[in-house]
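>>> Structure of the sequence below:
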Amino acid sequence: MRYQATIIVVAAVTKPEALSAISQVVGRPVQGSAAHPFVALPDGGRVTVEVPKFGEAPPLAIDVTDPRSDSDARAAAETLLVSLGDATGWAIHHLQASAE
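Next up is the predicted model:
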């Protein structure tokens, strides 16, 4: 099972821009294919970005998954949320958690 926490961001940024900001904050490179890029986290989790479909307004969804537990996914997302807010000034609204 994978556990997921989603950071909701209201910002007009592209997926590559969001991944670049995440990569810089986490200190790890963007990996994966062009169709499915992600930033790996040190403890086995990963961060992916979902952007609105064509013509839709933000928000941007930043998904933090962790194979260990819901609390680990949430903790990693909370750390990323604070770091991204400090580094980018993006309006970060809230965090949602779920298990997949």
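>>> Residue 21 is in contact with residue 49, correct?
No: counting by CB atoms under 8 Å, residue 49 does not reach residue 21; the two are 9.6 Å apart. Yep, even glycine has a C-beta here, placed from its N, CA and C like the rest.
>>> Quick check, pLDDT for residue 78.
Residue 78 is assigned 91 on the pLDDT scale.
>>> Could you say which helix or strand holds it?
Take DSSP states H and E as the rule and residue 78 turns out to sit in helix 70-88.
>>> Pull out the buried residues from that helix.
72-77, 80-81, 84, 88 (16 or more other CB atoms under 10 Å).
>>> if we take those residues, which one ends up nearest to residue 26?
Using CB to CB, residue 80 is the member of these that lies nearest residue 26, at 7.1 Å.
>>> Name the nearest residue to that closest one, sequence neighbours excluded.
Distance criterion CB to CB, 6 or more residues apart in numbering; nearest residue to residue 80, sequence neighbours excluded, is residue 64 at 6.1 Å.
>>> And that neighbour, its phi and psi?
Backbone torsions for residue 64, taken as degrees, to the nearest 10, come to phi -110, psi 120.
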